[in-house]
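Chemist: what follows is a predicted structure for the sequence shown.
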Amino acid sequence: MINTGGPMFGRLLTAMVTPFAADLTLDTDRAMELARYLVDDQGNDGLVVSGTTGESPTTSDEEKAELLAAVVSAVGDRASVIAGVGTFSTRHTIELLAAAQNAGADGALVVTPYYNRPPQTGLLNHFRAVADSADLPLMIYDIPGRTGTPVETATMIEIAAHPRIVAVKDAKGDLTASAQVLAETDLLYYSGDDAMTLPILSIGGVGVVGTSTHFSGRGTKQLIQAFLDGKNDEAVRLHRQLLPIYTGVFATQGCILVKAGLELRGRGVGGLRSPMVPATNEQRAALERALIAAGL
């Protein structure tokens, strides 16, 4: 795992898209190339593999393991590698976590179970069972807009008592709730919404698991460092500069526009698996304008 001198996973992480070949089979060579670019060019401290941006709903368990092993091999100890293992089934999540540990992941991202919408006691049981099942540190992904179920403040505080539950990717959009958890736990909070990076830092968070950071990594890292150095005016300036791409990359699903943006930059990583579809010409043009407006 990367030694950042800071939080265990680093501060700047990107939820990496998954490259596919022309026939939409997994392209591990391009995955390794993309991983090296994100770490060596964009300055990422860590990568999240097989998250939603990585089109994890459409990749098999075998593909997830193959992709993870390729990315671990590509970045070595230059970055942490976090495996997305969350599903709506506790048993399946545990199976994916075991495979991630075997493939060399440094940690795992566990999203709140989606669609079946368990009660808070079910969430507690789920996260504890997953954390008990392997030795990897876990990052909880709280994104009720996708899952339909928030991790309530009291539940998150209880979850934090488990020694292997160490971090949160926070896409809840409730800074008050996040601040309450931060005040009562040692959880490492990462913004799960690029535009909320600076606000999360301001209440005690440590960084971001980004999407636009496929392009904005260097600027976002400068923003984080400016805040840590007490250069608040500079952090605000960078936040405002990067805001067009922080928001523009979510004009539709992030995986769609990241792949379009990489293609615009001559770093194409292939198409998208159904039900995702390529960006429209209008979306591509808007994305290009957002990149230019952000100075990228």
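Modeler: Everything's here; your move.
Chemist: okay, CA-based contacts and neighbour counts for the rest of this
Modeler: Noted.
Chemist: the helix or strand of the chain with the lowest mean pLDDT packs against which elements?
Modeler: Using mean pLDDT, DSSP states H and E, the weakest-scoring helix or strand in the chain turns out to be helix 144-147, at a mean of 94. Contacts defined by 3 or more Cα pairs under 8 Å, 6 or more residues apart in numbering; DSSP states H and E place helix 144-147 against no helix or strand at all.
Chemist: can we start the residue count at 53 from this point?
Modeler: All right, first residue 53 from here; so that's helix 196-199.
Chemist: mind listing what's buried in that helix?
Modeler: Pro196, Arg198, Thr199 (16 or more other Cα atoms under 10 Å).
Chemist: so which of these is the closest to Ile297?
Modeler: Arg198 (21.3 Å; Cα to Cα).
Chemist: now do the contacts for that closest one.
Modeler: Tyr166 (Cα atoms under 8 Å, 6 or more residues apart in numbering).
Chemist: and Asp187, how many neighbours does it have?
Modeler: The local packing of Asp187 (other Cα atoms under 10 Å) involves 13 other residues.
Chemist: now it, nearest residue through space, not along the chain?
Modeler: Leaving out its chain neighbours, the residue that sits closest to Asp187 by Cα to Cα, 6 or more residues apart in numbering is Arg216, at 7.4 Å.
Chemist: so what's that neighbour up against?
Modeler: Here Arg216 is in contact with Ala183, Asp184, Asp187, Leu188, Pro189, Leu190 (Cα under 8 Å, 6+ apart).
Chemist: same deal with Thr142?
Modeler: His178, Ala181, Val182.
Chemist: do the same with Arg63
Modeler: So Arg63 contacts Asp97, Gly98, Tyr242, Val258, Gly259, Val260, Lys273, Ile276 (Cα under 8 Å, 6+ apart).
Chemist: will you turn the contacts of Thr142 into CSV that also has distance to Gly138, secondary structure and neighbour count?
Modeler: Shown next, in CSV, are the contacts of Thr142 (distance: Cα to Cα, whole Å; DSSP: H, G, I helix; E, B strand; the rest coil; neighbours: other Cα atoms under 10 Å):
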residue, distance to Gly138, secondary structure, neighbour count
His178, 10, helix, 22
Ala181, 12, helix, 15
Val182, 9, helix, 24
